[in-house]
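Participant: next come a sequence and a model predicted from it.
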Amino acid sequence: MKASSLLAGLLPLASLISAAPNGGGGNGNDPEVVAARRIDKLHKEYQKYVRQTIKHRTTGCTKNNILKRKEWSALSQSERASYIAAVHCLANATGTTPVSEIPGARTRYDDFVGVHLQQTLFVHGSGLFLAFHRYYVHLYEKALREECGYTGAQPYWDWTLHYDDPRLHPVFDGSDTSMGSNGIYVPGRPYLNFTLPGGLFFSFPPATGGGCIESGPFTADKYEIRLGPVGYEPQGPQGGLGYNPRCLTRDLSLEQSANCRPTNVTALLDGCQDLGCLNIQFDTQAGGVHGAGHFMLGGIEMDTFASPSDPMFWLHHAQVDRIWSIWQSMDPQVRINEVWGTGTAGNIPPSDPVTLDSTINFGVIHAPITISDAVSGIDGDLCYMYE
C-alpha cells in the first residue's frame, strides 16, 4: 500500500483526540479510588475464570505451561533486565522485510514495525482492532522467547496506577532496568499539528519532554528508530517507509494520562455490554484509553502507523488486551466469540462485516490467521494470563 493511501486512511481515526483531564484524589470515597478497587475485583474474577477453565486440561493451554504476564512494577530487577536485553536482541537481529516493500527496515524489530505500517488502515477503527493486537503482542512475545532467549512473559503497563503523573511510574524512572525516561525537555515547541485529507485539522500541545530519551536502556547511543513518521508532517523518506534513523523521543503528557484514569476503565468494563461499545470506547472515542495511552508517551507514539517503534508500545497494548480479557471473562459464553464491525478503519472504503472467519494479516512475521484464532488468550496458539 502506498504511503499516500496510508495517510488518507487516517481520517476516520481522527476522533482519537483527547478529552479534558480529570484527576482524582486519594480518599476512600474518591471516584478514582472506588474505580481502582472495582478494577482489582474484576481482575481477580478474571484470574479465577482462567484458572477454573484450564485446571483439568492435560493438553493445549494448561496450568503447567500458561505464561503469566505481570505489571512492570511487579517484575524483579533481574526480570526487567532480562526483558530489556531481549528487546535489544530483537532490535539488533537481522530482519526479513523485503526492501521492495519497506525500504527502511533493517532489523527483526523493524519487521514488527513494518507489519503495523502495512496493516494500520485495517486494524484500527475496525472490527479487527482487538484481535489483531492480541495476536500481534503474542507474536512479539514469542519472538523474544524463541529468538532471543527470554524466559519470561510480556509485561504490561497499568496506566491507571499513575494516571495523575506517568513520570512517577517505575517504567519511566530512567534506570538501567526501566523502559527509559521521559525525553529531554525542549522548551518553546509548537503544537504538533495534523492536517488530514479533507481538510480536518487538529493539534496537540507540547508536554513535559519532547527530546531524545534522557536516560535508561533506550537512549540515542543504545537504540534507534528507523521508520516513519507517516501520520504527521514532516513525513519520513518515501512517505515514512524509507530509512530514517534517529533517536527515540518521548513527551510524557499529564493531560493525556488523565484520560487513563480508573473511572475511564470501569466505564468500559461495566458500561459496555457488547463488543461494538468496547471497540468504539477503546479505539475511536475522544479521550479513549487506547489513544490516550499512545498520546501520553508522545514522540513516535503520535504516529498510528509507526508507533511500535517505541518499545513501550508492547506494554501499552498488553494492558489494552488485559482490559479486553477482563471484559470477556465477565460473560465468556457471549463475549469470547463476539465480533463487531468491518475490516477497514471507519469502514472507509466500505468493507464486509467481520466474522470469526475473517482474515488478519501479519506480513513477514507470521502466516495469516482468522479472528477465531485470537478471541481467547487460553486457546489455540495463545496461552497466557495477566497477574
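Facilitator: Perfect, I can see it now.

Participant: drop to CA atoms for contacts and neighbour counts, all remaining ones
Facilitator: Will do.

Participant: and residue 287, what pLDDT?
Facilitator: In this model, residue 287 is scored at 77, pLDDT.

Participant: just give me the neighbour total for it.
Facilitator: As a burial measure, residue 287 scores 26 neighbours (other CA atoms under 10 Å).

Participant: surely it touches residue 259?
Facilitator: Yes. If you go by CA atoms under 8 Å, residue 287 and residue 259 touch, sitting 5.7 Å apart.

Participant: quick check: closest non-adjacent residue to residue 321.
Facilitator: In this structure, residue 321 finds its nearest non-sequential neighbour in residue 134, 6.1 Å apart by CA to CA, 6 or more residues apart in numbering.

Participant: so how far is the host helix or strand of that neighbour from its chain's centroid?
Facilitator: Assigned by DSSP states H and E, residue 134 belongs to helix 129-148. Centre-to-centre, helix 129-148 and its host chain are 11 Å apart (CA atoms, centre = their mean, to the nearest Å).

Participant: got the contact list for it?
Facilitator: Helix 129-148 is contacted by residues 86-87, 89-90, 112, 122-123, 150-154, 279, 283, 314, 317-318, 321, 324, 360, 362, 365-366, 371, 374-375, 382 when judged by CA atoms under 8 Å, 6 or more residues apart in numbering.

Participant: the same query, at a cut-off of 6 Å, please.
Facilitator: Residues outside helix 129-148 that contact it (CA atoms under 6 Å, 6 or more residues apart in numbering): 86, 89, 123, 150, 151, 154, 374.

Participant: likewise stretch 76-90?
Facilitator: Outside stretch 76-90, the residues that touch it by CA under 6 Å, 6+ apart are 108, 109, 144, 148, 150, 177.

Participant: now do the strands in the stretch 101-250 of the chain.
Facilitator: 183-185, 192-195, 201-204, 210-213 (DSSP state E, counting those that start in this stretch).

Participant: would you give the sheet partners of the first one, along with the direction of each?
Facilitator: Take DSSP bridges as the rule and strand 183-185 pairs in its sheet with strand 210-213 (antiparallel).

Participant: restrict the strand it pairs with to CA atoms and write it as CSV.
Facilitator: Only the C-alpha atoms of strand 210-213 are listed here, as CSV (Å, rounded to 0.1, in the frame of the first residue of the first chain):
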residue,chain,number,x,y,z
GLY,A,210,10.0,16.3,23.6
GLY,A,211,13.6,15.4,23.0
CYS,A,212,15.6,12.2,22.9
ILE,A,213,15.1,9.9,25.8
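
Participant: next structured bit after that strand?
Facilitator: helix 254-257.

Participant: run the chain-centre distance for that following helix.
Facilitator: For helix 254-257, the distance to the chain centre is 17 Å (CA atoms, centre = their mean).

Participant: if you count neighbours, what's buried in that helix?
Facilitator: 254, 255, 256, 257 (16 or more other CA atoms under 10 Å).

Participant: closest one to residue 301 out of those residues, please.
Facilitator: Proximity of the buried residues of helix 254-257 to residue 301 was ranked by CA to CA; the top entry is residue 256 with 12.3 Å.

Participant: quick one: the closest one and residue 293 touch, right?
Facilitator: No. Assessed by CA atoms under 6 Å, residue 256 is found out of contact with residue 293, at 7.4 Å.

Participant: point out where this structure drops to low pLDDT.
Facilitator: Where the chain drops to pLDDT under 70, the residues are 1-26, 194-202, 284-286.

Participant: so for it, the centremost residue is which one?
Facilitator: In the chain, the centroid-proximal residue (CA atoms, centre = their mean) is residue 317; its distance is 2.8 Å.

Participant: please report how far that one lies from residue 99.
Facilitator: For residue 317, the distance to residue 99 (CA to CA, to the nearest Å) stands at 28 Å.

Participant: same question for residue 211.
Facilitator: Counting by CA to CA, the separation of residue 211 from residue 99 is 29 Å.
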